[in-house]
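Enquirer: generate coordinates for the sequence data below:
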Amino acid sequence: MVDIKEIKSLKLTPFTKMSASIYGILGFIGAIVMLISLIIVQATGLIPQLGQFNLVTGLGVPLIILLPIGAFFGTIVASFFSALLYNILVPRLGGVKLELEGNEVQKIPVISFSLILSAIGAIWAFIAGLVLAAVFSPLLSFIGAIATMPEAANITANITSQMAATGSTMPTGAEMGAAGIILGLVLVIGLPIMAFVFGFIWNALFALFYNYIVTKVAKINLEFSEISGTLHELKHIPVIPTALAVALVYTLLGIISGIMSGNYGEFISNFITYFIETALIAILYNYLAPKIGSIKLNLE
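Expert: From the prediction side, this is the model:
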């Protein structure tokens with residue numbers, strides 16, 4: 001029997017703690033892989049231009065420290081804020097719905113899934129746009145202001161005359177200032193709109209591919225356990241079926257993005273990458289859940 005559940009909210013602390021722990025460990029694993037690769041490169045002398053620089057001690061060893069720490073604290077911020085946004089947006093947009101039969105996700109309703117995830121992505125894009133606009137827009141305006149100063153004007157005139165001889169032109173101070181304003185508007189307004197539109201399409205394709213193609217081969221498995229009322233915990237994630245289902249979805253998405261970009265082998269790399277990543281996440285989740293606490297969420 002299919003049971004439709006809506007994720008109404010996420011408990012912030014368990015979600016953040018689990019996400020940060022998983023990605024901190026993944027960062028450490030990634031650093032180990034990079035260290036081994038650098039040892040091979042250093043030993044075989046594949047890059048002779050390095051001279052006396054030691055890749056292992058100069059780059060590999062620091063990465064073992066920096067990558068896990070960066071992944072852990074970066075994920076704390078990203079996961080906490082994303083979960084907070086999810087909880088805030090659910091009453092307005094509705095939460096992610098899952099059609100469950102036992103532990104198997106039979107179907108992901110497209111609109112609810114795409115709408116809230118693309119909205120969260122758009123808010124992140126708005127924040128990123130604000131930061132970038134705060135850096136680049138004043139910089140362009142400052143450059144434009146300097147270009148109008150008497151000393152700089154003479155230099156600009158000389159450069160302009162030289163460029164005119166080659167048929168090219170140099171933007172004026174006013175044009176640089178206007179470019180800064182336009183860039184700021186594009187980053188603050190255009191970037192979130194694009195993130196929402198493309199995010200909605202991408203998430204909708206994810207759900208459609210999963211619902212009508214991937215479930216014929218493999219299905220995401222999520223073992224929920226009721227704590228009290230609508231509060232549930234994610235007790236366990238079966239590794240192979242979940243990793244296979246996620247990898248197959250991204251393989252199909254890779255075919256589309258590969259056709260658009262001309263990289264026709266992307267679907268193969270997508271399958272390998274997402275199968276390994278999803279399997280590692282599931283393994284780490286199952287190992288860490290009894291020790292640091294599982295993800296808790298309200299399902300209705």
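Enquirer: which stretches of the stretch 1-150 of the chain form strands?
Expert: With strands called from DSSP state E, counting those that start in this stretch, the stretch 1-150 of the chain shows them at 3-10, 97-101, 104-107.
Enquirer: could you redo these as JSON lines and give each row mean neighbour count and distance to residue 120?
Expert: All C-beta atoms are positioned from the backbone trio N, CA, C, and that covers glycine. Shown next, in JSON lines, are those (neighbours: other Cβ atoms under 10 Å; distance: least, Cβ to Cβ, whole Å):
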{"stretch": "strand 3-10", "mean neighbour count": "17", "distance to residue 120": "12"}
{"stretch": "strand 97-101", "mean neighbour count": "18", "distance to residue 120": "16"}
{"stretch": "strand 104-107", "mean neighbour count": "18", "distance to residue 120": "20"}
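Enquirer: in the stretch 201-300 of the chain, what spans have low per-residue confidence?
Expert: Of all residues in the stretch 201-300 of the chain, none has pLDDT under 70.
Enquirer: same thing with the stretch 51-200 of the chain?
Expert: Across the stretch 51-200 of the chain, the ranges flagged by pLDDT under 70 are 51-52, 137, 139-177, 179.
Enquirer: skipping adjacent residues, who's closest to residue 211 in space?
Expert: Among residues not flanking residue 211 along the chain, residue 107 sits closest, at 4.9 Å (Cβ to Cβ, 6 or more residues apart in numbering).
Enquirer: quick one on the thing from earlier: dump the strands of the stretch 1-150 of the chain to TSV, plus distance to residue 290.
Expert: As requested, the strands of the stretch 1-150 of the chain are exported to TSV (distance: least, Cβ to Cβ, whole Å):
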stretch	distance to residue 290
strand 3-10	20
strand 97-101	23
strand 104-107	23
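Enquirer: out of these, nearest to residue 239?
Expert: Ranking those by proximity to residue 239 (Cβ to Cβ) places strand 104-107 first, at 14.3 Å.
Enquirer: picking up where we left off before, which of the strands of the stretch 1-150 of the chain sits closest to residue 229?
Expert: Residue 229 sits nearest to strand 3-10 of all those, at 11.2 Å, using Cβ to Cβ.
Enquirer: just the helices in the stretch 201-300 of the chain please.
Expert: 239-261, 266-292 (DSSP state H, counting those that start in this stretch).
Enquirer: which ones are touching residue 199?
Expert: The contact partners of residue 199, by Cβ atoms under 8 Å, 6 or more residues apart in numbering, come to 114, 117-118, 121-122.
Enquirer: try it again at 7 Å.
Expert: Residues near residue 199 by Cβ atoms under 7 Å, 6 or more residues apart in numbering: 117-118, 121-122.
Enquirer: equivalent analysis for residue 122, please.
Expert: Contacts for residue 122 (Cβ under 7 Å, 6+ apart) come out as 192, 195-196, 199.
Enquirer: okay, and which of those map to helices?
Expert: Under the assignment DSSP state H, the contacts of residue 122 contribute 192, 195-196, 199 to helices.
Enquirer: still on that earlier bit, now the helices of the stretch 201-300 of the chain as JSON lines including mean neighbour count and distance to residue 3?
Expert: Formatted as JSON lines, the helices of the stretch 201-300 of the chain follow (neighbours: other Cβ under 10 Å; distance: least, Cβ to Cβ, whole Å):
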{"stretch": "helix 239-261", "mean neighbour count": "18", "distance to residue 3": "18"}
{"stretch": "helix 266-292", "mean neighbour count": "16", "distance to residue 3": "22"}
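Enquirer: how about the ones you listed, which one is nearest residue 8?
Expert: Per Cβ to Cβ, nearest to residue 8 of those: helix 266-292, 21.1 Å.
Enquirer: please report the distance of the residue nearest to residue 211 from residue 125.
Expert: Using Cβ to Cβ, to the nearest Å, residue 107 is found at 28 Å from residue 125.
Enquirer: same deal with residue 80?
Expert: 18 Å.
Enquirer: looking at these two, which is more packed in?
Expert: Ranked by neighbour count (other Cβ atoms under 10 Å), residue 80 and residue 125 place residue 125 first, with 21 against 17.
Enquirer: quick one, domains of this structure?
Expert: Split into domains by automatic domain parsing, the chain comes to 12-99, 111-198.
Enquirer: end to end, how far does the first one reach?
Expert: In domain 12-99, first residue to last residue: 24 Å (Cα to Cα, to the nearest Å).
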